[in-house]
Structures are given as C-alpha cells and as structure tokens.
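Could you look at this predicted model? Sequence included:
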Amino acid sequence: MEINKKILGYMPVHYGVEYIKEAIQSIAPFVDKIMVFYTSNPSFGHGTNHTCPDSGEELKRIALDASEKVNWVVVAPGNEGAHRGLIYDYATGYDGILTIDSDEVFEQEDLPHALDLCFKTDKRYIGFGGYINFWKSFNYACYDGYTPIRFINLHNTGGNGVVPVRVYHFSTAQRDEIMQYKLLVHGHKDEIRPGWYEDVYKAWTPGNNFNDLHLVAHGIWNATPFNKELLPECLKNHANFGKEVIERSQ
C-alpha cells in the first residue's frame, strides 16, 4: 500500500541506546525525514544528580547510522510537553507527524494500513492500539488498554482516534542500569508503587511468575509467554533476543 502523503517522523531522546537503532529503522521506510531531539537532561518532570548511562555521543552515532533520514538536534526543553512540541517547528509542508520513542519498534507489516487509516480519519490525534509490553525479556509480555498518541494528522483540527498497530515496547526489557536510572527521572515518579523495583521488578523470575506487575497501576499487567519467533528479523538479531532475563548489556 502506497501512502502519497508527506510524513515527518520524530523521536524525543534522553536515553535509549539498546533499541534506538531498531526504532528508527522501523519507521524510516514510511517517512520523509526523522527529527531526533536529544536532551542531555531529563525532560520528564524530575531531575537527578546521577549521570545518564547512555551518552549523547553514542546515541547520536547509532541514530545517524540507522538511517540517512535522521536529523540530530540538541535541545534543552523544560518538560516533556515542550520536548515533544518542538516537532511543530519543523512540520510546515507535511501532511502528518509520526512519533516513536526510543524503546518502541513498530511492526512494519502493520504501518501502511495504519497510516492509511490515519489520513482517512477526521481526527487529528491518533493513538496506536496494539502495544506488546515486553517484561524482562523477549519471552514474556504484558498487555493493557493504553493507546498513546503516535500520529498527528495535520489536516484535521481536533479529536482523538485509534488505529491498530503492533508496537514492540521494551520499557521494562532493558538492562538494570537503565531501569534504575529511569525510576529517578520517570514522569510518574511520584506515583510509582513503593518498593516496585526490588519487590516486583527484581523479584519476578520466569520460575516465580506472579501477577500485578505494572509500575504505577494495580491489576493490569501480568506477564504472559510470548513467541519471540514472531518478531521481525531486526529484533531476532538483537543482543537481548536470547536472554532469559535482561540484566546487563552483554
């Protein structure tokens, strides 16, 4: 399916070395340009004196190598809304904006149909329904009803819609160093369940597969087996693919 529209891709980045390559490459065939807005300081509402484990130099190298469509811009936003809102400064002449986070990989088989639906709708803000939230490995995933906004139809003035897209989400399938750092700067830091990292995240193992795993909300995340052979080749070749539990980068 060919989409005869001009689409601007973008990614807000502070960390994300583990999956930024695959994230960028999952949208590159479908967009005309990809803006990567990098900030050296957290933009999610909470600061920290701890140094981010992922350096800007490494993130930039991986991002630029991932696609020739990438434009790397260093920014200093005051909050997450300002970070994401920077894309409008570059959107003149485009029909739509496709956003992706550095720990997300969109299923390329789903995107053409999803983008077609995004342009046919009368809604401006379109969420992606189909998140597969990997839990500590590629072997388990959690599911919920959340549909984050991942497309903006610039020809429409308002309204929210949802289209089906499989999104491989690795927020809780990253090395411990990043998981601990994320908890310091998380946008929902004040809502994080007390003791979640030690009592839930670290305590869970494939042999001790207890329920109720979500960082903030109760009763919506249970780790269920996932057939990782269904993943796209880029993820089958990922360093984390064969790990029973992701704890370190190697």
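Looks like it arrived, so ask away.

quick one: strands adjacent to the longest strand anywhere in the chain?
In the chain, assigned by DSSP state E, the strand with the most residues is strand 160-172. Sheet pairing here is set by DSSP bridges, and for strand 160-172 it gives strand 104-106 (antiparallel), strand 125-135 (parallel).

Between those strands, which one is closest to residue 86.
Closest approach to residue 86 among those (C-beta to C-beta): strand 125-135, 17.0 Å. To be clear about C-beta, it is placed using only N, CA and C from the backbone, and glycine gets the same treatment.

Compute the distance from the centre of the closest one to the centre of its chain.
9 Å (C-alpha atoms, centre = their mean, to the nearest Å).

tell me the mean pLDDT over that strand?
Mean pLDDT, strand 125-135: 98.

just checking, next helix/strand downstream of that strand?
Once the chain leaves strand 125-135, the next helix or strand it forms, by DSSP states H and E, is strand 140-142.

does residue 117 sit in a helix, a strand or a coil?
Three-state call for residue 117 (DSSP: H, G, I helix; E, B strand; the rest coil): helix.

so it sits right up against residue 162, yeah?
No: contact criterion C-beta atoms under 8 Å: residue 117 and residue 162 do not qualify, at 9.4 Å.

How confident was the prediction at the most far-flung residue of the chain relative to its centre?
Among residues of the chain, the one most distant from the C-alpha centroid is residue 207; the distance is 27.8 Å, by C-alpha atoms, centre = their mean. Note on residue 207: pLDDT of 94.

how close does it get to residue 176?
The gap separating residue 207 from residue 176 is 19 Å, by C-beta to C-beta, to the nearest Å.
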